[in-house]
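A.B. asks: Can you look at this prediction? I've put the sequence above it.
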Amino acid sequence: MEKRKIKITGTGHYVPDKILTNQDLEKMVDTSDEWIVTRTGIKERHIASAEQATSDLAAEAARQALQDAGLKAEDLDLILVATSTPDTIFPSTACRLQHHLQADHVPAFDLSAGCTGFLYGMIVAEGLIFGGTARRILLVGAELLTKITNWEDRSTCVLFGDGAGAVILEESKDDSGMLSSYWKADGSLGELLILPGGGTKIPASHDSVEKRLHFLHMKGNEVFKYAVKRMGEAAVEALKRAGLKETDVDFLIPHQANIRIIDATGQRLKLPPEKVYVNIHRYGNISVASIPVAIHELKEAGKLKKGDILVLDAFGAGFTWAAVVYRW
Ligand code: ACO
């Protein structure tokens, strides 16, 4: 008998209306469309309004996913929000989302695993569903990175965008669903990608704000090398755990941080470009939202056929990295 599996029974996504192009950025910092496109693959990104917080983005995506699954908010057993840019340190963005959805008394908490948070969330949800704790879980990856971006730092401000993707997870009644997973972390490298200020290590002060410590800091070229290595490793190991080969893969859905990282991961699995999903040119790096947004887009475009084998693969702050093999 096949192992029990969890399955995505609804999807949703949201990106803010406002678009910031590379040409707009040329007017803000010393950069060029040519540099950004060649080094990252990004052409434009969506930017939240001053009034929007992460839970607002999450709520739009979550409502779509609930509708898609034919569920009401009160049918949920858990609301899980993966984010590195919460509305506030506390209460959690998940509790704020619960209030937005009027999902009265449904338990809710945030999960922080950088860009890998959505895949960590799937693995946690699988454990909770098979442990009997929850039957229907709303998992949202929501990120509002442009509010922790230093718009004077050209090495980071060209990279990020805002967005949210949501899924409903339940036990599968057929042969589709999550086949295997692989997750790892290495806290010794955390300083390479960090928001240093505003927590308990460096509490917010005039000095921390003056030193720009409440913005994202990244040693991009160091992070790049680890991302390439670890995303390759995660995909290969997760496939091995599912008893599948590279040739069985129909779609690689990688975290969208840089087109060169995406291409390198596709090459590691020896996949032709048409099997590697790319939307970084339209959104930039939307961190934890990139994989659920990609799944929603592929599904809505009718590109996913029953039985297709997907490899979801991510790397992010922590460092954290993970992959999930999923049969559609
Ligand atoms: N425009 C023009 N020139 C620039 C820009 C810019 N926007 N940014 C940097 N440069 C310059 C640098 O100053 C440097 O110039 P120098 O050679 O004169 O010193 C040169 O370009 C090369 O800089 P690098 O940082 O070495 O450029 P690299 O090719 O590594 O690309 C990038 C930088 C895009 C950030 C890349 O390293 C990257 O994508 N890293 C990984 C990011 C990632 O995966 N993050 C993980 C997830 S994110 C999350 O968890 C929130």
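C.D. replies: Perfect, I can see it now. Bear in mind that the values here come from a model prediction, so they are computed numbers and not experimental data.
A.B. asks: if I look at the residue nearest the centre of the chain, how far off is the ligand?
C.D. replies: Taking C-alpha atoms, centre = their mean, the centroid of the chain lies closest to Val288, which sits 1.9 Å from it. Separation of Val288 from the ligand (C-beta to the nearest ligand atom, to the nearest Å): 8 Å. Bear in mind the C-beta positions are built from the backbone N, C-alpha and C, glycine included.
A.B. asks: and if you look at Lys275?
C.D. replies: For Lys275, the distance to the ligand - C-beta to the nearest ligand atom - is 21 Å.
A.B. asks: check contacts around the residue in the stretch 101-250 of the chain that the ligand sits nearest to.
C.D. replies: At 2.8 Å from the ligand, Gly220 is the closest residue in the stretch 101-250 of the chain, using C-beta to the nearest ligand atom. When contacts are counted by C-beta atoms under 8 Å, 6 or more residues apart in numbering, Gly220 touches 155-156.
A.B. asks: Return the backbone torsion pair for it.
C.D. replies: phi -50, psi -50 (degrees, to the nearest 10).
A.B. asks: Flag every residue of the stretch 1-150 of the chain that's near the ligand.
C.D. replies: Within reach of the ligand by C-beta under 6 Å from any ligand atom, the stretch 1-150 of the chain has these residues: 31, 35-36, 39-40, 114-115.
A.B. asks: Who wins on neighbours among those residues?
C.D. replies: When neighbours are taken as other C-beta atoms under 10 Å, the top entry among those is Cys115 (31 neighbours).
A.B. asks: All the helices of this structure, in order from the start?
C.D. replies: For the chain, the helices defined by DSSP state H cover 22-26, 33-40, 54-69, 93-101, 117-130, 154-157, 206-210, 220-242, 259-268, 280-283, 290-300.
A.B. asks: how about those helices, which one is nearest Phe315?
C.D. replies: helix 220-242 (4.3 Å; C-beta to C-beta).
A.B. asks: in the closest one, what counts as buried?
C.D. replies: Within helix 220-242, the residues that count as buried by 16 or more other C-beta atoms under 10 Å are 220, 223-224, 226-228, 230-239, 242.
A.B. asks: same check, this time on stretch 270-284
C.D. replies: 271, 276-280, 282-284.
A.B. asks: and which of those residues is nearest Lys201?
C.D. replies: Using C-beta to C-beta, the shortest approach to Lys201 within the buried residues of stretch 270-284 belongs to Gly284, at 28.0 Å.
A.B. asks: for the nearest residue to Asp174 once chain neighbours are set aside, what are its contacts?
C.D. replies: Distances taken as C-beta to C-beta, 6 or more residues apart in numbering put Lys7 closest to Asp174, at 8.0 Å, once the chain neighbours are dropped. The contact partners of Lys7, by C-beta under 8 Å, 6+ apart, come to 169-174, 176-178.
A.B. asks: Put the buried members of the residues you listed into a PyMOL selection.
C.D. replies: Per 16+ other C-beta under 10 Å, the buried members of the contacts of Lys7 correspond to this PyMOL selection:
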select buried, resi 169+170+172+176+177+178
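A.B. asks: With distance to the ligand added, can I get the contacts of Lys7 in a markdown table?
C.D. replies: Putting these into a markdown table (distance: C-beta to the nearest ligand atom, whole Å) gives the following:
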| residue | distance to the ligand |
| --- | --- |
| Leu169 | 23 |
| Glu170 | 29 |
| Glu171 | 31 |
| Ser172 | 30 |
| Lys173 | 35 |
| Asp174 | 34 |
| Ser176 | 29 |
| Gly177 | 27 |
| Met178 | 23 |
